[in-house]
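**Q** everything below, folded, please.
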Amino acid sequence: MTTALPPVDLLRERRLELGLPADPPRSADPRRLLLIGAAVAAGLVTVALAMALLLRWQQQMLSNELERLAPVRTQVEGLEKQLTVERAAVETTRKANQQLAQGLVAVRSGTALMSDLAERTSTGLQLMALKVNKDDLELKGRSSDPGAFERINALVLRLKASPLLDPATVTLGRAERAAPETGPKGGPSPLVTFELTASFREPLTGPAQLRLLQGLGADGMALRLQLLQRDGLLP
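**A** Residues are numbered from 1 along each chain as shown. Model (predicted):
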């Protein structure tokens, strides 16, 4: 029979020298280690599944909330578009009202202009036609001797002093004597016809325009200007 020899512990003496127990520590039970590892793995898997389920639930909740808010979002976008259209319409109306209001008190086509021209037209001068364009005016008239040309030149100088006209643009385009008279006596006509043009100054605003209208005697337009300013249609 073969006799089994006891195991030889080569490290026994070394452990004794180090003050350690003579017998080596017993190794852990493999089955216990396996159970511990399985428990830890199961715990990690459970935590991972729980996190996945939580994330899935949150995603589902967010999807449901987005679906619930989808009609509201569509409604908000529609209201924003409608608001943009209405703002554009209001701005267009405001500009149109402002232009209309400015036209109602424009000195270049109202009593203010007529008052200014009448004030600067001396006796012996007769204005025959007045054409008011967007930025300028054309004036036709006549004067009679004696002193017809002098009165026409004086009119040009007075128009250059007008607060409504740009003095650098007041131009006498034509001044000539009318066709000779026919008859027993004959001789030159005492009438001299003339044409002149002038551009308007930049329109005044606010108190300056009000003072101008009042100074020209355009009381109705001045009152109209005050009412439009009070209603916020003019600055």
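**Q** what bridges to the closest residue in space to A129 that isn't next to it in sequence?
**A** Leaving out its chain neighbours, the residue that sits closest to A129 by C-beta to C-beta, 6 or more residues apart in numbering is K140, at 4.1 Å. For the C-beta atoms, the positions are set from N, CA and C on the backbone; glycine is no exception. For K140, the beta-bridge partners are A129, E195 (DSSP bridges).
**Q** distance check, K140 against A198.
**A** 13 Å (C-beta to C-beta, to the nearest Å).
**Q** okay, those two: which has more neighbours?
**A** Higher neighbour count among K140 and A198: A198, with 22 against 16, using other C-beta atoms under 10 Å.
**Q** my guess is the more buried one meets A168, correct?
**A** No: the pair A198 / A168 is not scored as a contact, 9.5 Å apart, by C-beta atoms under 8 Å.
**Q** okay, now the domains of the protein?
**A** 43-104, 107-179+189-230 (automatic domain parsing).
**Q** which one of those has the most crowded surroundings?
**A** domain 107-179+189-230 (a mean of 16; mean count of other C-beta atoms under 10 Å).
**Q** avg pLDDT for that one?
**A** Domain 107-179+189-230 carries an average pLDDT of 80.
**Q** over to stretch 80-93?
**A** Stretch 80-93 shows a mean pLDDT of 75.
**Q** quick one: the helices in the chain, in order.
**A** 12-17, 30-104, 111-120, 148-160, 206-215, 219-230 (DSSP state H).
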